[in-house]
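Student: this one's sequence-less:
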Ligand code: DQA
């Protein structure tokens, strides 16, 4: 079964109680469970992780690069300023999809910049937990197209 890493940055472990008017009431554990269930339907083994540490997040990106594992990434606030994360993702060896629960482009000006978008294969934002589920569908389609290409 193809593995997918779903990586989440700072404060996302607080989902459920964190600004519910912006991020909804689904808890992080419920989000993780929904990702695993969607992955199961798509034949993907989904490993969901969250950290408040930029160093740990970059370490996980390096693991994904070394193992050629696709990544769905919600970098949270690191989206807007982490050049270290940008540089790590520039080395990607498998699809990377940037996701956001909210639509940063419709929020405060500092959220309008993403230093991640340029090193992601695509971005899905503004649909709450559905952003993650849509990203899993995209990974399933991208990886099955790549697998079919490898067979021809
Ligand atoms: C977020 C948007 C970011 O601007 C913010 O810092 C987050 C969450 C989102 O999922 O909507 O922590 O990435």
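Tutor: It's in. For clarity, every value in this text was computed on a predicted model and none was experimentally measured.
Student: roughly how far out does the longest helix anywhere in the chain sit from the chain middle?
Tutor: The helix spanning the most residues in the chain, taking DSSP state H as the definition, is helix 129-151. On the basis of Cα atoms, centre = their mean, to the nearest Å, the separation between the geometric centre of helix 129-151 and that of its chain is 13 Å.
Student: which residues are in contact with it?
Tutor: With Cβ atoms under 8 Å, 6 or more residues apart in numbering as the contact definition, helix 129-151 has outside contacts at 2, 4, 6, 24, 26, 30-31, 34-35, 38-39, 42-44, 46, 70, 72, 74, 94-95, 97, 99-101, 121-122, 124-125, 127. In short, each C-beta sits where N, CA and C put it, glycine included.
Student: could you do stretch 55-73 as well?
Tutor: Outside stretch 55-73, the residues within contact range by Cβ under 8 Å, 6+ apart are 2-9, 35, 49, 51, 75, 78, 84-85, 88-89, 91-99, 116, 120, 132, 135-136, 139, 142-143.
Student: mind checking the pLDDT average for that stretch?
Tutor: What stretch 55-73 shows for mean pLDDT is 98.
Student: return the set of buried residues in that stretch.
Tutor: Residues of stretch 55-73 classed as buried: 57-58, 60-61, 64-65, 69-73 (neighbour count, 16 or more other Cβ atoms under 10 Å).
Student: do that stretch and the ligand meet?
Tutor: No. Shown here: stretch 55-73 not in contact with the ligand (Cβ under 6 Å from any ligand atom), separated by at least 9.6 Å.
Student: need the residues of the chain near the ligand, please.
Tutor: With Cβ under 6 Å from any ligand atom as the criterion, the chain meets the ligand at residues 11, 74, 76-77, 79, 100-102, 104, 111.
Student: repeat that for 5 Å
Tutor: Where proximity means Cβ under 5 Å from any ligand atom, the interface of the chain facing the ligand comprises 76-77, 100-102, 104, 111.
Student: where are the low-confidence patches of this protein?
Tutor: Applying pLDDT under 70 to the chain flags the ranges 151-152.
Student: identify the residue nearest residue 111 in space, chain neighbours excluded?
Tutor: If you skip the residues right next to it in sequence, residue 111 has residue 104 as its closest partner in space, 3.8 Å away by Cβ to Cβ, 6 or more residues apart in numbering.
Student: count the neighbours of the one you found for me.
Tutor: The criterion is other Cβ atoms under 10 Å. On that basis, residue 104 has 18 neighbouring residues.
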